[in-house]
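Enquirer: structure, please.
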Amino acid sequence: MNRSSDHVRRVKTLYKTLLKLHRGLPVEAKVIGDAYVREEFKLHKNVSEKEALVFIKEWTEYAVMMIQQLRPKPGQRFSNVGRDLSEGELHALREEQVGQLYELLKAATDKQSS
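Expert: Reported below is the predicted structural model:
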């Protein structure tokens with residue numbers, strides 16, 4: 001198996017894993033999360049190898065965090081998931097990523113107020 005096909009296989013596996021993990025979220029969060037994952041994976045389809053490695057690393061860390069947070073806890077049906085971004089992470093975001101986060105925030109708060 002060449003390096004390129006191995007990379008494609010890993011990306012597809014990660015993508016499917018993320019969508020499966022979202023099944024453990026409340027319906028509204030699942031819909032938003034799935035849409036975000038789909039869009040991000042489409043946007044990063046033709047990036048440089050360096051960008052691809054960062055992309056895979058970040059989404060893998062997200063998957064590990066989701067696995068840890070979605071584990072059933074005694075007496076709890078569901079707990080909050082996710083984490084706050086550090087100031088450094090916020091400053092490192094591109095303008096389009098800030099816009100995406102804002103859209104996610106709006107969608108999440110609109111669902112909560114409905």
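Enquirer: next secondary structure element downstream of the longest helix along the chain?
Expert: For the chain, the longest helix by residue count, based on DSSP state H, is helix 49-70. The C-terminal neighbour of helix 49-70 among helices and strands, as given by DSSP states H and E, is helix 87-92.
Enquirer: helices and strands around that following helix, which ones?
Expert: Helix 87-92 sits against no helix or strand, with contacts defined as 3 or more C-beta pairs under 8 Å, 6 or more residues apart in numbering; DSSP states H and E. Just so you know, the C-beta spots here come from the backbone N, C-alpha and C atoms, and that holds for glycine as well.
Enquirer: helices or strands next to the longest helix of the chain in the packing?
Expert: helix 3-21, helix 27-43.
Enquirer: got the buried residues for it?
Expert: Residues 52, 55, 59, 62, 66, 69, 70 are the ones in helix 49-70 that count as buried (16 or more other C-beta atoms under 10 Å).
Enquirer: hmm, the fifth one is touching residue 20, no?
Expert: Read that as residue 66. No: with contact defined as C-beta atoms under 8 Å, residue 66 does not reach residue 20; the gap is 9.8 Å.
Enquirer: okay, residue 36 and residue 101: tell me how far apart.
Expert: Plainly put, residue 36 is 10 Å away from residue 101 if you go by C-beta to C-beta, to the nearest Å.
Enquirer: now residue 22
Expert: 18 Å.
Enquirer: who has more neighbours, the two?
Expert: Higher neighbour count among residue 22 and residue 101: residue 22, with 19 against 14, using other C-beta atoms under 10 Å.
Enquirer: so that one makes contact with residue 30?
Expert: Yes: using C-beta under 8 Å, residue 22 is in contact with residue 30, at 4.6 Å.
Enquirer: quick check: which ranges of the protein have low pLDDT?
Expert: Residue ranges of the chain with pLDDT under 70: 1-3, 72-83, 108-114.
Enquirer: give the contact list for residue 14.
Expert: 56, 59, 60, 63 (C-beta atoms under 8 Å, 6 or more residues apart in numbering).
Enquirer: could I get those residues as CSV with distance to residue 7?
Expert: Shown next, in CSV, are these (distance: C-beta to C-beta, whole Å):
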residue, distance to residue 7
56, 8
59, 13
60, 13
63, 17
